[in-house]
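Enquirer: Make a model of this:
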Amino acid sequence: MYEPIRTKSVHSMAGPRPDVPHRSREEELDSQLAGYLTALLTVTDELGLDEAADHVLREIVRLRGAAPVRAAADDTPSHRADLHRRAAAA
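Expert: As a prediction, the model looks like this:
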C-alpha cells in the first residue's frame, strides 16, 4: 500500500543565502532591457541613425549607469546599402 514519505524532499526550496548577492525583479528586468537596447544601439550605429542612437544610448546609461563600448561605424554608402539589402532579405 501507500507508504508516507518520512524524509525531507530534495526538491524543497533552499533558504536565502546572505553570501550571494540578489537583485530585485525590477533590477533584473532593467538589466535585460539594457542588453536589448545595446543590441539596438549596434544596429542604429551601423545604419548611421545618429539621433536614434543618441536616444538609445541615453536610455542605456540611465538603466546601467555607464555607456556600453561602441564599435567604430563603417559609414560608407556601399556598407549602408549592403545593410539595407540584408535587412530586407531577412
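Enquirer: where along the protein do the strands fall?
Expert: Under the criterion DSSP state E, the chain carries no strands.
Enquirer: Can you show me the helices along it?
Expert: 25-47, 50-64, 77-89 (DSSP state H).
Enquirer: do you know which of those helices lies nearest Ile5?
Expert: helix 25-47 (32.7 Å; CB to CB). Every C-beta, even on glycine, is put in place using the N, C-alpha and C of the backbone.
Enquirer: before we move on, back to that, mean pLDDT lowest where, among the helices of the chain?
Expert: Mean pLDDT values for those show the minimum at helix 77-89, a mean of 76.
Enquirer: Dump that one to PDB, restricted to CA.
Expert: Provided in PDB are the C-alpha atoms of helix 77-89 (Å, rounded to 0.1, in the frame of the first residue of the first chain):
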ATOM      1  CA  PRO A  77      27.400  54.300 -48.800                       C
ATOM      2  CA  SER A  78      28.100  50.800 -50.000                       C
ATOM      3  CA  HIS A  79      28.200  49.500 -46.500                       C
ATOM      4  CA  ARG A  80      24.800  51.100 -45.700                       C
ATOM      5  CA  ALA A  81      23.300  49.800 -48.900                       C
ATOM      6  CA  ASP A  82      24.500  46.300 -48.000                       C
ATOM      7  CA  LEU A  83      23.000  46.600 -44.600                       C
ATOM      8  CA  HIS A  84      19.600  47.600 -46.100                       C
ATOM      9  CA  ARG A  85      19.700  44.700 -48.500                       C
ATOM     10  CA  ARG A  86      20.400  42.200 -45.800                       C
ATOM     11  CA  ALA A  87      17.600  43.700 -43.600                       C
ATOM     12  CA  ALA A  88      15.100  43.500 -46.500                       C
ATOM     13  CA  ALA A  89      16.200  39.900 -47.200                       C
END
